[in-house]
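Undergrad: With the sequence up front, the predicted model follows.
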Amino acid sequence: MKFWGVRGSIPAPGSSTRRYGGNTPCVEVRCGGQMLIFDLGSGVRALGQAYPAPLKAHIFLSHYHYDHLQGMPFFTPMFVPLNEFAIYGPTRTGKTVQEIISGQMQQPYFPVTAEMVFRAKVEYRPFGEGMEERIGEARVTAVELNHPGGNLGYRVDYRGHSVVYATDIEHGSDVDARLAAFARETDLLIYDAMYTEDEYRGRVGPPKTGWGHSTWQASIQAADRAQAKTLVLFHHEPTRDDAGMEKMLREVKRHRPEAVAARELQVLNVV
Ligand SMILES: [Zn+2]
Ligand SMILES: [Zn+2]
């Protein structure tokens, strides 16, 4: 697994975020010869530059908030005829994944349409909770998370190992128990640890309840409850600088010594 974007909500480039990175969510998972990509945040631009054609990948979209989709028009492998992609995502507000992606690349938001510029072979496949996709020996499943407008968490199982991508979830609903069952004994639980408890409750800044995100304290509970082997903090708050990230990770490690705060270009191997 390689992290190409780990930041939540909006890119946060600059010297204060250099260590953890400023790009929004994009995670590459390799299972043997298969490439899976989770979300098309701004991090996917660099992924696209790293891999020459021919490139074949299965792309899973959690939801369509800007931070998870804004890299798509700048993912240059989409412009190359030799490349092949299957793009999976939920149907929302009556629109399929294909309609939603076409809808974000049009005037007045964007100069050219997907139909005008994408030359790769692209197949769009609606996906949702209760469905399963087999990609080589990998198996991908999904669960609905608690997030405004809906959001899919994904699990990849491959040769007795697994990773769960559960970003953009607000803790404190009955979804917590469902996620625990979905992520049971996973090797890596990638979880939304955007806020501190003080930030979430409004003791620092405005209250963030109902915004659809979780806290590092809740990430520990989620990992404990699922009996996940490794907790990976993800969807970092854009205003949190590298020193703030280190401080948060130190707190988390007091409870979960194995925990990792995802860093851009970091590779995690599950063996
Ligand atoms: Zn997000
Ligand atoms: Zn979101």
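TA: Sure thing, it's come through. Residues are numbered from 1 along each chain as shown. Ligands and ions are numbered 1, 2, ... in the order given.
Undergrad: quick one: contacts for residue 186?
TA: 155, 162, 163, 164, 226, 228, 229 (Cβ atoms under 8 Å, 6 or more residues apart in numbering). Where you see a C-beta, it was placed from the backbone N, CA and C, and this is true even at glycine.
Undergrad: Check residue 242 too.
TA: Contacts of residue 242 (Cβ under 8 Å, 6+ apart): 16, 17, 18, 19, 20.
Undergrad: what about the last one, distance to residue 75?
TA: With the distance defined as Cβ to Cβ, to the nearest Å, residue 20 ends up 22 Å from residue 75.
Undergrad: Residue 10 now?
TA: Taking Cβ to Cβ, one finds residue 10 at 18 Å from residue 75.
Undergrad: neighbour-wise, which of those two wins?
TA: residue 75 (22 against 14; other Cβ atoms under 10 Å).
Undergrad: hang on, the more buried one packs against residue 48?
TA: Yes: contact criterion Cβ atoms under 8 Å: residue 75 and residue 48 qualify, at 4.6 Å.
Undergrad: Any chance of TSV for the contacts of residue 186, columns distance to ligand 1?
TA: Formatted as TSV, the contacts of residue 186 follow (distance: Cβ to the ion, whole Å):
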residue	distance to ligand 1
155	19
162	22
163	18
164	16
226	21
228	21
229	25
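Undergrad: In strands only, show me those residues.
TA: Using DSSP state E, the subset of the contacts of residue 186 located in strands is 155, 162, 163, 164.
Undergrad: Adding pLDDT, write the contacts of residue 186 out as TSV.
TA: Compiled in TSV, these are given as follows (pLDDT from 0 to 100):
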residue	pLDDT
155	98
162	98
163	98
164	98
226	98
228	98
229	98
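Undergrad: I'd guessed residue 62 sits against residue 154; true?
TA: Yes: taking contacts as Cβ under 8 Å, residue 62 lies within contact range of residue 154: 7.1 Å.
Undergrad: Show me whatever sits in contact with both of those two.
TA: With Cβ under 8 Å, 6+ apart, residue 62 and residue 154 have common neighbours 38, 165.
Undergrad: Around ligand 2, which positions in the protein sit nearby?
TA: 65, 168 (Cβ under 5 Å from the ion).
Undergrad: What is the least confident helix or strand in the chain?
TA: Least confident helix or strand of the chain, by mean pLDDT, DSSP states H and E, is helix 114-117 with a mean of 91.
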